[in-house]
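Asker: this one's sequence-less:
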């Protein structure tokens, strides 16, 4: 089973087809989870989440009451707490629901400390085991995570660019068979290798590294209405 | 002298008063720099940058020609390169123009690998000395950077929240006199301590740490038009 989780990030950064993504998820009996304001957004999209979690502090009473009457599994988090809502969500979907893959929406934009929690939460030793099962998606990016080893990076047709971010110190990082190769890079601190591409007529290349955690960021340009 | 630099990130994430910020910078003879598409945005805002840099690949010929005829100091970067445009910009403003403080705009949103370059570029050993002179600002966030030592965190009136992100491994990090205190935290990997606040009737608190680099993220909520 997969899980689709909607966090409370700004709605203008959602993938344009978010409604189809979530309706398909419902049809195929995947788990749908709302985190804090994300639960309300799901209701507004016409989808009652299977699980809602958060402190719900920022919601109006009537909105919270609607969630409480519709959602079967509600978890109230403590605003003064060791685990952030995002971390609690990871434990619920992987430990309680034993899901195989997690797709996170609504995790980007807005307050940058919130985004960075979502980007970095998998570094927690109790969560690293789940890293390769998680993706974060918004209007123009898809982020996936890798633990050490050898990995095939597959082309995703809508995204022409791919960048790699070492989220930690990293040991012996190699990019093989992409437009820009990298050989035996090791570094003591996080670093980004941006704007790589697939070679013409190829649909995959290889990366490998010995220690650390990598995020691969698939991205595309979007046309923006731009009015100064 | 201060520098105000506009990068090519999405215009809808600019601070709402960006025009005033830049016009004031011009009046007070501070340095104004456009990076790649940021140079064009500056021209469109009615401000000719003092320095323009980038590979300018994504600009139309006529737009590039306008920049070339107006801007005194143009630096062409190599798209296949060791330094990113953002890193090249840091060397130009600090080494060539010897500026005291750098305010970066247009650095957030859009492609996440681009944003992460801007967030993490100061970790490069040749750039760490400049970290405390740099800030990144968008519509709802202001990010500043700290090297090890003792620092006073001052309230900035428009931002109710402040989060801290250890961008590297960190040693003996303390937050003293804020709403949520932290004592003697050390960690091997980046981690975010989000949503802290100033105590009522206080305008500052202290942080200190022995090793690593910290980003402090001031943030506020914004009202968003939200139409599903």
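Answerer: Yep, it's here. Not measured: the values here are computed from a predicted model.
Asker: and the most centrally placed residue in chain A, bridged to which residues?
Answerer: Closest to where the C-alpha atoms of chain A average out (CA atoms, centre = their mean) is residue A:136, at 1.9 Å. Here residue A:136 sits in beta bridges with residue A:104, residue A:143, going by DSSP bridges.
Asker: got the contact list for it?
Answerer: Neighbouring residues of residue A:136 by CB atoms under 8 Å, 6 or more residues apart in numbering or on different chains: A:104, A:107-108, A:118-119, A:142-143. (C-beta placed from N, C-alpha, C; glycine too.)
Asker: Nearest to residue B:187 among those residues?
Answerer: Minimum distance to residue B:187 across the contacts of residue A:136 is 15.8 Å, recorded for residue A:119 (CB to CB).
Asker: Residues touching the helix or strand encompassing that closest one, excluding its own?
Answerer: Assessed by DSSP states H and E, residue A:119 sits inside helix A:112-120. With contact meaning CB under 8 Å, 6+ apart, helix A:112-120 is reached by A:7, A:9, A:84, A:86-87, A:104, A:107-109, A:136, A:143, A:167, A:215, B:108, B:138, B:141, B:143, B:161, B:163, B:165, B:189-192, B:194-195, B:217, B:219.
Asker: next SSE after the helix or strand containing residue A:65?
Answerer: Secondary structure from DSSP H and E places residue A:65 in helix A:61-70. Under the assignment DSSP H and E, the closest C-terminal helix or strand after helix A:61-70 is strand A:73-76.
Asker: Residues contacting that next one, please?
Answerer: Counting by CB under 8 Å, 6+ apart, A:50-56, A:67-68, A:88, A:92 sit against strand A:73-76.
Asker: List the neighbouring strands of it plus their orientation.
Answerer: Strand A:73-76 is paired, per DSSP bridges, with strand A:51-54 (parallel).
Asker: pLDDT averaged over the partner strand, what's the number?
Answerer: Averaged across strand A:51-54, the pLDDT comes to 96.
Asker: quick one: the host helix or strand of residue A:88 near chain B?
Answerer: Using DSSP H and E, residue A:88 sits in helix A:85-91. No - judged by CB under 8 Å from any CB of the partner chain, helix A:85-91 makes no contact with chain B; its nearest approach is 9.9 Å.
Asker: distance between that helix and the chain's centre?
Answerer: In terms of CA atoms, centre = their mean, to the nearest Å, the centre of helix A:85-91 is found 12 Å from the chain centre.
Asker: follow-up on the earlier one: so how far is residue A:10 from the residue nearest to the centre of chain A?
Answerer: Counting by CB to CB, to the nearest Å, the gap from residue A:136 to residue A:10 is 14 Å.
Asker: Residue A:102 now?
Answerer: For residue A:102, the distance to residue A:10 (CB to CB) stands at 21 Å.
Asker: Please apply the same query to residue A:185.
Answerer: 34 Å.
Asker: Likewise for residue A:28?
Answerer: From residue A:28 to residue A:10 the distance is 27 Å (CB to CB).
Asker: ok, the two, which is more surrounded?
Answerer: Legend: neighbour count by other CB atoms under 10 Å in any protein chain shown for residue A:28 and residue A:10, higher for residue A:10 (18 against 9).
Asker: ok, and the closest non-adjacent residue to the more buried one?
Answerer: residue A:109 (4.4 Å; CB to CB, 6 or more residues apart in numbering or on different chains).
Asker: Residue A:203 too?
Answerer: Here the residue nearest residue A:203, using CB to CB, 6+ apart, is residue A:155, at 4.4 Å.
Asker: give me the number of residues near the one you found?
Answerer: Counted with other CB under 10 Å, residue A:155 comes out at 15.
Asker: what does residue A:210 give?
Answerer: Residue A:210 is flanked by 12 other residues according to other CB under 10 Å.
Asker: Restricted to helices, list the contacts of helix A:112-120.
Answerer: A:86-87 (DSSP state H).
Asker: Which of the contacts of helix A:112-120 are buried? Put it as a ChimeraX command.
Answerer: Selecting only the buried entries of the contacts of helix A:112-120 in ChimeraX, with 16 or more other CB atoms under 10 Å in any protein chain shown as the criterion:
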select /A:7,9,84,86,87,104,107,108,109,136,143,167,215 /B:108,138,141,143,161,163,165,189,190,191,192,194,195,217,219
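Asker: Distance-wise, check residue A:104 relative to residue B:213.
Answerer: 27 Å.
Asker: Kindly report the same for residue A:203.
Answerer: Residue A:203 is 38 Å from residue B:213, by CB to CB.
Asker: I'd say the residue nearest to residue A:203 and residue A:199 touch.
Answerer: No - counting by CB atoms under 8 Å, residue A:155 sits too far from residue A:199 to count as a contact (10.1 Å).
Asker: can you list the domains in chain A?
Answerer: A:2-139, A:145-219 (automatic domain parsing).
Asker: what distance separates the start and the end of the first one?
Answerer: For domain A:2-139, the separation between the terminal residues is 21 Å (CA to CA, to the nearest Å).
Asker: Equivalent analysis for the shortest one, please.
Answerer: This stretch, domain A:145-219, spans 15 Å end to end (CA to CA).
Asker: Give me the contact status of the host helix or strand of residue A:173 with chain B.
Answerer: Applying DSSP H and E as the criterion places residue A:173 in strand A:170-176. No - Strand A:170-176 does not reach chain B (CB under 8 Å from any CB); its nearest approach is 11.1 Å.
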